[in-house]
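*Asks:* Sequence and predicted structure are below.
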Amino acid sequence: MDINLSIDTNLVLKILTAFIRSEITRVGYSRAVVNLSGGLDSAVSCVLAVKALGAENVLALRLPYKSSAQDSLDDAQLLIDQTGIRSLTIPITDMVDPLIAREPATPRSTATRPVP
């Protein structure tokens, strides 16, 4: 049994950008801030936001932590340059380390447990 898994990428792009535009404007906004990590998920989110709202209406944040890979920052910068969006880089190590220090070491699988 052959299953057709083809996708109409133009239609998907149209649906996703329309959804982003309608949800942003529905709540009274016209611009977006996207955390750009250098990974695929944030890159796709950023490009969709640019297509939906225009480059002039998207701000990318790069939030490096001390263990962030330089390649990730470089990849994020490439996308910033290619899309022409504004960006800010805010190192977060000094903000995050005290929060991490408050919690005892936990296995990674329980690190996302709700805070009481």
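*Replies:* Perfect, I can see it now. Since we're looking at a predicted model, the values are computed, not measured.

*Asks:* Show me what the helix-or-strand element of the chain with minimal mean pLDDT is packed against.
*Replies:* For the chain, the helix or strand with the lowest mean confidence is helix 93-102, at a mean of 89 (criterion: mean pLDDT, DSSP states H and E). Packed against helix 93-102 by the contact rule (3 or more CB pairs under 8 Å, 6 or more residues apart in numbering; DSSP states H and E) you find no helix or strand. (Glycine included, C-beta is placed from N, CA and C.)

*Asks:* Kindly export that helix (C-alpha atoms) in PDB.
*Replies:* Taking C-alpha atoms only, helix 93-102 is exported to PDB below (Å, rounded to 0.1, in the frame of the first residue of the first chain):
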ATOM      1  CA  THR A  93      24.800  33.700  32.000                       C
ATOM      2  CA  ASP A  94      24.800  36.200  34.800                       C
ATOM      3  CA  MET A  95      21.000  36.000  35.000                       C
ATOM      4  CA  VAL A  96      20.700  32.200  34.700                       C
ATOM      5  CA  ASP A  97      23.500  31.000  36.900                       C
ATOM      6  CA  PRO A  98      21.900  32.200  40.200                       C
ATOM      7  CA  LEU A  99      18.600  30.500  39.200                       C
ATOM      8  CA  ILE A 100      20.400  27.300  38.500                       C
ATOM      9  CA  ALA A 101      22.300  27.500  41.800                       C
ATOM     10  CA  ARG A 102      19.000  27.700  43.700                       C
END
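
*Asks:* so who does the most centrally placed residue in the chain touch?
*Replies:* Closest to where the C-alpha atoms of the chain average out (CA atoms, centre = their mean) is Ser42, at 3.2 Å. The contact partners of Ser42, by CB atoms under 8 Å, 6 or more residues apart in numbering, come to Val34, Asn35, Leu36, Ala76.

*Asks:* coming back round to it: ok, residues contacting the least confident helix or strand of the chain?
*Replies:* Pro64, Tyr65, Lys66.
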